[in-house]
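Undergrad: Pasting a predicted model and its sequence here:
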Amino acid sequence: MELTLIVLLAVFVGTALVGVVGYAIDRSAAARNEGQGPATR
Amino acid sequence: MTELIAWIEALPISVFVRESNSVLAFPTFLFVHVFGMSIVAGGSTVVGLALLGCWPATPVKPLERLWPLIWIGFWINLVTGISLFFADIATKGPSPVFWIKMLLVAAGVVLLTRIRRIVFQGPEEGIQVPRNARLMTWGMLACWFGAVVAGRLLAYVATGR
């Protein structure tokens, strides 16, 4: 139970970190490039 | 060198990741890579914030159980990262952002390992967070944050296709 909560917390924090950073960079780039997003491949 | 790059880009896994329209190709590799990074950065951040005293009433010792999870995330990242790199080595290879990311990941792993050795030896009541471990923890958090930022920026600064 304890381990499950710790793991869920870690994954939640990591996903939030990656998501917020990615969103901020994408928004910033979109504002600068008039809506053009990143290359997807 | 050019021949080596061409050979790597012609590997079946590189061609599959780069050119296949299957959802199991580039989208899945990228998703799993990002998920692995979430595990590594998230686990490290939880451990780091606990060591820096963000939750003073919470025991630190149980967080040591996160290390196997963090290593699973790391190995997932290594495998998917190499595949993604091989698929686009001609443009990712020369990019300084890519190598900055690699440097930050390497530093993050070293600091994570050293923090475990310094802090998590002995029983719960013996856990101390010395000053150098606190500095290392700040450094580790900065490394993972920088690695996440550099990873996202790679989509912008190294696009040859």
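TA: Done, it's in. Numbering: from 1, shown residues only, chains lettered A, B, ... in the order given.

Undergrad: ok, which stretches of the chain are strands?
TA: Picking chain A for this. With DSSP state E as the criterion, chain A has no strands.

Undergrad: Low-confidence ranges, it, go.
TA: A:1, A:34-41 (pLDDT under 70).

Undergrad: Chain B contacts on chain A?
TA: A:2-3, A:6-7, A:9-18, A:21-22, A:25-26, A:29, A:38-41 (CB under 8 Å from any CB of the partner chain). All C-beta atoms are positioned from the backbone trio N, CA, C, and that covers glycine.

Undergrad: Quick one: buried ones out of those residues?
TA: Buried members of these, scored by 16 or more other CB atoms under 10 Å in any protein chain shown, are A:6-7, A:9-11, A:13-15, A:17-18, A:21-22, A:25, A:29, A:38.

Undergrad: B:T2 and B:I89, how far apart?
TA: Applying CB to CB, to the nearest Å, the value for B:T2 to B:I89 is 11 Å.

Undergrad: higher neighbour count, these two?
TA: Neighbours were counted for B:T2 and for B:I89 using other CB atoms under 10 Å in any protein chain shown; B:I89 has more, 20 against 7.

Undergrad: and the residue of chain A nearest chain B?
TA: At 2.1 Å from chain B, A:G14 is the closest residue in chain A, using CB to the nearest CB.

Undergrad: Secondary structure element for the residue lying closest to that residue once chain neighbours are set aside, which one?
TA: Excluding the flanking residues, the one nearest A:G14 by CB to CB, 6 or more residues apart in numbering or on different chains is B:G42, at 2.1 Å. Per DSSP states H and E: B:G42 is located in helix B:26-51.

Undergrad: With B:L103 instead?
TA: If you go by DSSP H and E, B:L103 is part of helix B:96-119.

Undergrad: Tell me how many other residues crowd the residue nearest to A:G14.
TA: 27.

Undergrad: ok, it - contacts?
TA: A:9-17 (CB atoms under 8 Å, 6 or more residues apart in numbering or on different chains).
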